[in-house]
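S.K.: Sharing a model that was predicted from the sequence below.
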2 protein chains.
Amino acid sequence: MHEIRITGLGTYLPRQMHTNETLPALEPPLAKADMDRIGVLRRGWASDEEGVAEMGVIAARRALEQARVEPAGLDFIVLANWSERRYVPDFAPVIQAALGARRAFAFDVCCACAGFVYGLAMAHGFLQNPRYRRGIVLASDHSTRRIRPRSRGTLVFGDGAGCMVLERRAEGGGRLIDYELTSDGSHNGIMDVGADGYLRTHIRQADLNALAGRSIGAVSRALLERNGLGFDDLSWVVPHSGTAGVQAMVAENLGVPTAKILTNLPLIGNVTTASIPAALSHFLEQGKIKPGQLILSASVGLGWQAVAALYTL
Amino acid sequence: MHEIRITGLGTYLPRQMHTNETLPALEPPLAKADMDRIGVLRRGWASDEEGVAEMGVIAARRALEQARVEPAGLDFIVLANWSERRYVPDFAPVIQAALGARRAFAFDVCCACAGFVYGLAMAHGFLQNPRYRRGIVLASDHSTRRIRPRSRGTLVFGDGAGCMVLERRAEGGGRLIDYELTSDGSHNGIMDVGADGYLRTHIRQADLNALAGRSIGAVSRALLERNGLGFDDLSWVVPHSGTAGVQAMVAENLGVPTAKILTNLPLIGNVTTASIPAALSHFLEQGKIKPGQLILSASVGLGWQAVAALYTL
């Protein structure tokens, strides 16, 4: 197989960031201490002018600039987005036109919070084809639209976009080493979106956390084993952010020191599909993640999906 | 690149097939002669028990039987579906669980009527990865749900599912030779689904037909040229069915004799994503398509998408 390089990252967060103080009061109300315990201190609320396409375009431009790739040089655009879906048409072509990526084919992928890693796997496949050289995997979600106003979910979810540039070439950039995708449709019904447009959970939160932890543990172990690696070989685990409860179960199931698990959930909330690229941008800028370090990202998504990717930046 | 084989095809059509006589009267009414001129004589109306997942499962079973592949041996399931989309979760994992395809990852693809060919391209990519051996590309749509009752659209659209089995192996079955995917987001707004759940057209039908014809012509020529082929080298063109108007524009733009263009649109209506596999099953059973004959399939999809695939069965 051809080696796939990661050559750029970009993020967009909404202009309006709510702290626990500025967030509209919950109904029923929640004490300040209980709010803080949920583990999210800030989250972005996108405006009507910051839709999936608008946020996605800005994150894509930032990632392309970092990669020094012109939009016209892109072969494809994969957009992960679950929150603003339409029957037809897809959003990805809107982004293609706005970027001026004339040669690129562009399509939406679903898979809820597993969409970004699914997109990486699709990009990996397309880049095995000698006629394609480079593409982007973009995640953009206006998730707060799918959360009932004044519910506890408003504490956890945030809006945002993240983008990764992938290229088939021998040198430069990080390496997308391998990925693992798994589905289990027997859990299809545990969450959905009601007729009112808001996310609903049909499972106890503790059971959801446990399922997420087990699923991420299993998919991560399978991916590492196939590559002859163990958790000790990893520099960092950058999981889909989820919730603090999910993260605790992930840490427990992976059996890695919590110091190795990087998440900016407290600063931006659960930005769903965008959580992995947004965390990578953040910790790369902070100098915490260094080029060449081995990173595992794992995510669950409603469906039920459990996915993981192994790479360096 | 590895050679990808096509080893099975399957279709499902609803139990209730409406002729122009049994179809609920249009408002405003349309003379029998005008109805017949639209070119669709029968179309299926799926019941509540024949949803995207139920139709998809049956089409998949039929295709897998033809390929002599057990569901448990599948590595992936790609589901094209535009008509019953949800924010979350995807439908593909429901099909994975119903089939008992335990090892398979499963996800939905959108791209409207271009979804089936997009699925083929994704399958082609996954099958370049040595760890995957076989998967299905499934298209299942309950499109009549998205058509305003008693509108002219009820004449044209039908429900149904179609499935293709793809395997990475050196011998047996047809060959997926190459594909071409293109997008043009500048036409993103020409059709959509309104708040009432029904498809709306914001472009004159004649302009839509012309755009479809031009797009299919361009993508087909690009695909053939890259493979050093011309339209004369093709045994058959099996396009996405669309409408009789679109088909006329396709024939004109491709410059191929209409006798080379195979469609079962008159018998099953526009079954959207399922139209290509459903036509292939039909004409293969009829003995019209013979193993080894070179076939081009092309499709447009709202987005705007124009896609094509070159293969033998």
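M.R.: Nice, I can see it.

S.K.: burial of the residue in the stretch 101-250 of chain A that chain B sits nearest to, as a residue count?
M.R.: At 2.2 Å from chain B, A:G125 is the closest residue in the stretch 101-250 of chain A, using CB to the nearest CB. Where C-beta positions appear, they are placed from N, C-alpha and C, glycine not excepted. A:G125: 23 surrounding residues under other CB atoms under 10 Å in any protein chain shown.

S.K.: Then A:T154?
M.R.: Residues near A:T154, counting by other CB under 10 Å, number 20.

S.K.: residues contacting it?
M.R.: By CB atoms under 8 Å, 6 or more residues apart in numbering or on different chains, A:T154 lies in contact with A:L23, A:P24, A:L26, A:T144, A:I147, A:R148.

S.K.: could you flag which of these are buried?
M.R.: A:L23, A:L26, A:T144, A:I147 (16 or more other CB atoms under 10 Å in any protein chain shown).

S.K.: pLDDT and secondary structure added to those residues, as TSV?
M.R.: Shown next, in TSV, are these (pLDDT from 0 to 100; DSSP: H, G, I helix; E, B strand; the rest coil):
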residue	pLDDT	secondary structure
A:L23	95	coil
A:L26	95	coil
A:T144	97	helix
A:I147	98	coil
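
S.K.: any idea which of these is closest to A:I4?
M.R.: Proximity of the buried ones among the contacts of A:T154 to A:I4 was ranked by CB to CB; the top entry is A:T144 with 33.0 Å.

S.K.: Tell me the spacing between the closest residue to A:N20 other than its chain neighbours and A:Q16.
M.R.: Using CB to CB, 6 or more residues apart in numbering or on different chains and skipping the chain neighbours, the partner closest in space to A:N20 is A:M35 (4.8 Å). Plainly put, A:M35 is 18 Å away from A:Q16 if you go by CB to CB, to the nearest Å.

S.K.: Give me the more crowded residue out of these two.
M.R.: A:M35 (18 against 13).

S.K.: which residues touch the more buried one?
M.R.: Neighbour list for A:M35: A:N20, A:L26, A:L155 [criterion: CB under 8 Å, 6+ apart].

S.K.: Pull up the residues of the stretch 151-300 of chain A that are close to chain B.
M.R.: A:181-186, A:188-189, A:191-193, A:197, A:199, A:226 (CB under 8 Å from any CB of the partner chain).

S.K.: Pipe these into JSON lines and attach distance to A:V88 and neighbour count per row.
M.R.: Shown next, in JSON lines, are these (distance: CB to CB, whole Å; neighbours: other CB atoms under 10 Å in any protein chain shown):
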{"residue": "A:L181", "distance to A:V88": "26", "neighbour count": "26"}
{"residue": "A:T182", "distance to A:V88": "29", "neighbour count": "21"}
{"residue": "A:S183", "distance to A:V88": "24", "neighbour count": "30"}
{"residue": "A:D184", "distance to A:V88": "28", "neighbour count": "18"}
{"residue": "A:G185", "distance to A:V88": "24", "neighbour count": "26"}
{"residue": "A:S186", "distance to A:V88": "30", "neighbour count": "14"}
{"residue": "A:N188", "distance to A:V88": "23", "neighbour count": "23"}
{"residue": "A:G189", "distance to A:V88": "25", "neighbour count": "13"}
{"residue": "A:M191", "distance to A:V88": "24", "neighbour count": "18"}
{"residue": "A:D192", "distance to A:V88": "21", "neighbour count": "15"}
{"residue": "A:V193", "distance to A:V88": "18", "neighbour count": "18"}
{"residue": "A:G197", "distance to A:V88": "18", "neighbour count": "12"}
{"residue": "A:L199", "distance to A:V88": "23", "neighbour count": "21"}
{"residue": "A:R226", "distance to A:V88": "38", "neighbour count": "12"}
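
S.K.: Need the max-distance pair from the residues you listed.
M.R.: Farthest pair in those, by CB to CB: A:G197 and A:R226, 40.1 Å.

S.K.: Quick check: the gap between the nearest residue to A:M1 once chain neighbours are set aside and A:G153.
M.R.: Spatial nearest neighbour of A:M1, chain neighbours left out: A:Q128 (6.0 Å); criterion: CB to CB, 6+ apart. Using CB to CB, A:Q128 is found at 40 Å from A:G153.

S.K.: swap in A:A46?
M.R.: 15 Å.

S.K.: Also A:F105?
M.R.: 35 Å.

S.K.: Give the residue from those two that has the larger number of neighbours.
M.R.: Comparing A:F105 with A:G153 by other CB under 10 Å, the one with more neighbours is A:F105, at 29 against 19.

S.K.: buried sites along stretch A:82-92?
M.R.: A:W82, A:S83, A:E84, A:R85, A:Y87, A:V88, A:P89, A:D90, A:F91, A:A92.
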